[in-house]
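> coordinates for the following, if possible.
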Amino acid sequence: MKNKMLRNIVVLLIGVALIMVSGCTDTSYSEETPEEDMVEEETADVDAEVPEDIPEDAMEEETDEVSDSVIDPADFTDPVGNPYFPLEVGTTFILEGESDGEDIRVEMYVTDQTKEIMGVMTMVIREREWEDGELVEDTFDWYANDNEGNVWYFGEDSKEYDDGKLESTAGSWEAGVDGAEPGILMKADPQVGDIYQQEYYEGEAEDMAEVLSLDASVTVEYGSFDNCLQTKEWTPLEPGVEENKYYASGVGILKEEAVVGGDEVLELVDITTE
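Numbers count the residues shown, from 1 in each chain. Next up, the predicted model:
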């Protein structure tokens, strides 16, 4: 009996000891932060710093600021003339040629009108085209020389006619409007291999140009010229179509010629001044 009581006391003491050990272990673990909980808390903090919804108008304002930064009006305060693309008020460039068997005449007139676009005062050039004596297009282009002599193209107000009636204005665009951006029509110091965007209005106006030569020889009705600038122009909107253009320093455009995907040829026949 005595031995049995002693065994019971020993078992009881062992049980109490096990309970105490278990309790200490539980207390020690509960003071630590579970790794999974730490990840959730950190994620919650990051989410709290970023708004769940960004207003659409805020995104549009940021996009507009980026687009406007392409042009700095201060770069146009003291414009320098470009010898390959002179813009003297009162001058008219007259080109004639053929396209698809039809006679073509183009007149580019440098008006005394101006238009402010993206903070830049642009010059208005009126370009009209006739096919077999019938007016088919009447366009007002907006150009501006920057302080280095680059000629920028800021868009156009274009009207196409058929039988004397207005048919379309689809070619019209203006830099700074609806995502359109200006491009360089003529570089101040063109070098062979230069490739540049002349205009950009996605899906509507995406003309590109590349400088091919600085010493081309050209003969047109207006005269014969050496050391001419030759460029290639194309647009990704019309794959398989390319044309070459030739310019003489101090004169301007001499010739336009389709070299891929067409047969149009235009040559300078006269330059008049008021």
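> following element in sequence after the helix or strand of the chain with the lowest mean pLDDT, please.
Least confident helix or strand of the chain, by mean pLDDT, DSSP states H and E, is helix 56-68 with a mean of 34. Next helix or strand after helix 56-68 toward the C-terminus (DSSP states H and E): strand 91-99.
> give the other helices and strands that that following strand contacts.
Secondary-structure packing of strand 91-99 (3 or more Cβ pairs under 8 Å, 6 or more residues apart in numbering; DSSP states H and E): strand 102-117, strand 252-260, strand 265-273. Heads up, the C-betas are built off the backbone N, CA and C, glycines and all.
> in its sheet, what does that strand sit against?
Using DSSP bridges, strand 91-99 pairs in its sheet with strand 102-117 (antiparallel), strand 265-273 (antiparallel).
> need those strands in a markdown table (columns: mean neighbour count and distance to Ile71).
What follows is the strands paired with strand 91-99, written out as a markdown table (neighbours: other Cβ atoms under 10 Å; distance: least, Cβ to Cβ, whole Å):
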| stretch | mean neighbour count | distance to Ile71 |
| --- | --- | --- |
| strand 102-117 | 15 | 9 |
| strand 265-273 | 16 | 30 |
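> closest to Asn82 out of those?
Taking Cβ to Cβ, strand 102-117 is the member of these nearest to Asn82, at 12.8 Å.
> quick one: mean pLDDT for the closest one?
Average pLDDT, strand 102-117: 98.
> quick one: contacts of it?
87-98, 121-133, 142, 154-155, 174-176, 182, 253, 264, 266 (Cβ atoms under 8 Å, 6 or more residues apart in numbering).
> so what pLDDT did Tyr247 get?
Note for Tyr247: predicted pLDDT of 98.
> again with the one 4 residues further on
You'll see Val251 listed with a pLDDT of 98.
> so what's it up against?
Contact analysis of Val251 by Cβ under 8 Å, 6+ apart lists 86, 222, 225, 268, 271.
> okay if I get the strands paired with strand 91-99 as CSV plus distance to Glu167?
Listed next are these as CSV, based on distance: least, Cβ to Cβ, whole Å:
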stretch, distance to Glu167
strand 102-117, 17
strand 265-273, 22
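> out of those strands, which gets nearest to Lys232?
For Lys232, the closest of the strands paired with strand 91-99 is strand 265-273, at 15.4 Å, according to Cβ to Cβ.
> name the residues that touch that closest one?
Under Cβ under 8 Å, 6+ apart, the answer for strand 265-273 is 88, 90-99, 104, 106, 220-222, 251-258.
> ok, 7 Å please
90-98, 104, 106, 220-222, 253-257 (Cβ atoms under 7 Å, 6 or more residues apart in numbering).
> dump that strand to PDB, restricted to CA.
In PDB, the C-alpha atoms belonging to strand 265-273 read as follows (Å, rounded to 0.1, in the frame of the first residue of the first chain):
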ATOM      1  CA  VAL A 265       6.200  63.800-111.000                       C
ATOM      2  CA  LEU A 266       6.200  67.500-110.100                       C
ATOM      3  CA  GLU A 267       8.800  70.000-111.100                       C
ATOM      4  CA  LEU A 268       9.400  73.700-110.200                       C
ATOM      5  CA  VAL A 269       8.500  75.900-113.100                       C
ATOM      6  CA  ASP A 270       8.400  79.300-111.500                       C
ATOM      7  CA  ILE A 271       8.800  81.300-108.300                       C
ATOM      8  CA  THR A 272       6.900  84.600-108.000                       C
ATOM      9  CA  THR A 273       7.100  87.300-105.300                       C
END
